[in-house]
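Chemist: Below is the sequence, then the predicted model.
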Amino acid sequence: MAPKAAGGANPEPENEAKSQFLLEIAAVPFVVFRCPMMKLRFLSSTWRPSKNLVLAGCFVIYFLLISGIIYDYTQEPPFMGHTRDPRTGMVVAQAFMKGRVNAQYMVEGLAAGMLFCAGGGGFILLEMSQSHGLMNKNNRHLLTFAGLLLVLISYSLTQLFIRMKIPSYLAQTV
C-alpha cells in the first residue's frame, strides 16, 4: 500500500504522468530522424592500440590539460618570471606568481601538472598492488610502498606550491 500525501491524495499518479511526459519528449527526435541501418565491422588487420598505450595517451592528455596548456596558449604568459633580490640587487628567476591565484608562469603549470600526474600514478600503483592475485608478496609490498610514496610526495609538494603562491594559506591565526 502506497503512503498517502498530506492532503490525502496518492502522489504516484503525478509521478507517472511526469515520467510518461518525459518519455514522449525523448521520443520526438526518433520520430523526426531515422537511425541509419549500419553495421560497423572492424577488419582483423586493423591496428588497435594496447591498453597501456591508451592509458599513456590519456595520461599525457591529462597532464597537458592540468598543466594549463590552454591558459598558456590563450594568455601567453612568460616561461618564468624575474624579480630583483633586495639584498644583492641581482635579478633572480621566479617560478611562481606570488599572490595571484588565477595566473601562472608556464613552468609553474608544468610543475603542478607533473605533481598531479605523479599522484595519479601513485593511485594506479596502489590499485595494481591490490588487484593482481598472481603477484608475490615482495612485489605487492614494493608497489604499495611506491604508490603511497608518490601520493604523499605529490600531496606535500602541491601543498607547498600553494603556500608559495599564497603565503597565508592555511596559516594558524589566533
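Modeler: Received the coordinates, thanks. Computed from a predicted model, the values in this text were never measured in an experiment.
Chemist: Only C-alpha atoms from now on, for both contacts and neighbour counts.
Modeler: OK.
Chemist: Am I right that M37 sits in a helix?
Modeler: No. Applying DSSP: H, G, I helix; E, B strand; the rest coil, one finds M37 to be coil, outside a helix.
Chemist: Distance check, it against A27.
Modeler: For M37, the distance to A27 equals 18 Å [C-alpha to C-alpha, to the nearest Å].
Chemist: neighbour-wise, which of those two wins?
Modeler: A27 (10 against 5; other C-alpha atoms under 10 Å).
Chemist: Centre of the chain to the worst-scoring helix or strand of the chain on mean pLDDT, how far?
Modeler: In the chain, no helix or strand scores lower on mean pLDDT, DSSP states H and E than helix 12-32, which sits at a mean of 83. With C-alpha atoms, centre = their mean, to the nearest Å as the basis, helix 12-32 stands 35 Å off its chain's centre.
Chemist: As PDB, could you dump the C-alpha coordinates of it?
Modeler: Provided in PDB are the C-alpha atoms of helix 12-32 (Å, rounded to 0.1, in the frame of the first residue of the first chain):
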ATOM      1  CA  GLU A  12       2.100   8.200  -7.600                       C
ATOM      2  CA  PRO A  13      -0.200   9.200 -10.500                       C
ATOM      3  CA  GLU A  14       1.600  12.600 -10.600                       C
ATOM      4  CA  ASN A  15       5.000  10.900 -10.900                       C
ATOM      5  CA  GLU A  16       3.700   8.500 -13.600                       C
ATOM      6  CA  ALA A  17       2.300  11.400 -15.600                       C
ATOM      7  CA  LYS A  18       5.700  13.200 -15.400                       C
ATOM      8  CA  SER A  19       7.500  10.000 -16.500                       C
ATOM      9  CA  GLN A  20       5.200   9.500 -19.400                       C
ATOM     10  CA  PHE A  21       5.700  13.100 -20.500                       C
ATOM     11  CA  LEU A  22       9.500  12.800 -20.300                       C
ATOM     12  CA  LEU A  23       9.300   9.600 -22.400                       C
ATOM     13  CA  GLU A  24       7.200  11.300 -25.000                       C
ATOM     14  CA  ILE A  25       9.700  14.200 -25.100                       C
ATOM     15  CA  ALA A  26      12.600  11.900 -25.500                       C
ATOM     16  CA  ALA A  27      10.900  10.000 -28.400                       C
ATOM     17  CA  VAL A  28      10.400  13.200 -30.500                       C
ATOM     18  CA  PRO A  29      13.900  13.100 -32.200                       C
ATOM     19  CA  PHE A  30      13.300   9.500 -33.200                       C
ATOM     20  CA  VAL A  31      10.100  10.400 -35.000                       C
ATOM     21  CA  VAL A  32      11.700  13.200 -36.900                       C
END
